[in-house]
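Q: this is a predicted model, with the sequence first.
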Amino acid sequence: MKLFEVYLTTAASAQTLLSEEVLGTTGAQVFTAKEAELVGLEGIPDDPTGSPRVFIACSPSDERLIASRLEGNENVARYKLHEVG
């Protein structure tokens, strides 16, 4: 599984990151840090800058599609990609 750690601009909302079509097509899931821990993604460190962030879990085959949507989104300040499992 791939996990995007997405840092949002200050006024952004997680609902603005991916369209319903992309979510439905890929099966990607968007989580807050607390939600990610509740579903078993343990050891997520706090962000020292306090920037708003969310996590997007997806299959490796959908990595490029999700990355392209994040790169073109004005609500994304930056993101990191992690390999999980």
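A: Yes, it's here.
Q: can you list the buried residues in the helix or strand bottoming out on mean pLDDT in the chain?
A: Least confident helix or strand of the chain, by mean pLDDT, DSSP states H and E, is helix 33-38 with a mean of 86. Across helix 33-38, burial judged by 16 or more other CB atoms under 10 Å covers 33, 36. Every residue, glycine included, has its C-beta placed from N, CA and C.
Q: helix or strand next in line after that helix, which one?
A: Using DSSP states H and E, the helix or strand that follows helix 33-38 in sequence is strand 53-58.
Q: E83 against K2, yeah?
A: Yes - at 6.6 Å, E83 and K2 qualify as touching, with contact defined as CB atoms under 8 Å.
Q: picking up where we left off before, which outside residues touch the least confident helix or strand of the chain?
A: Helix 33-38 is contacted by residues 44, 46, 53-55, 57 when judged by CB atoms under 8 Å, 6 or more residues apart in numbering.
Q: how near is T32 to E74?
A: Distance of T32 to E74, computed by CB to CB, to the nearest Å: 21 Å.
Q: neighbour count winner among those two?
A: T32 (13 against 8; other CB atoms under 10 Å).
Q: the more buried one and D46, how far apart?
A: Relative to D46, and taking CB to CB, T32 is found at 12 Å.
Q: what does T26 give?
A: Taken as CB to CB, the span from T26 to D46 is 28 Å.
Q: more neighbours: the two, which one.
A: Set T26 next to D46 and count neighbours by other CB under 10 Å: T26 wins out with 18 against 8.
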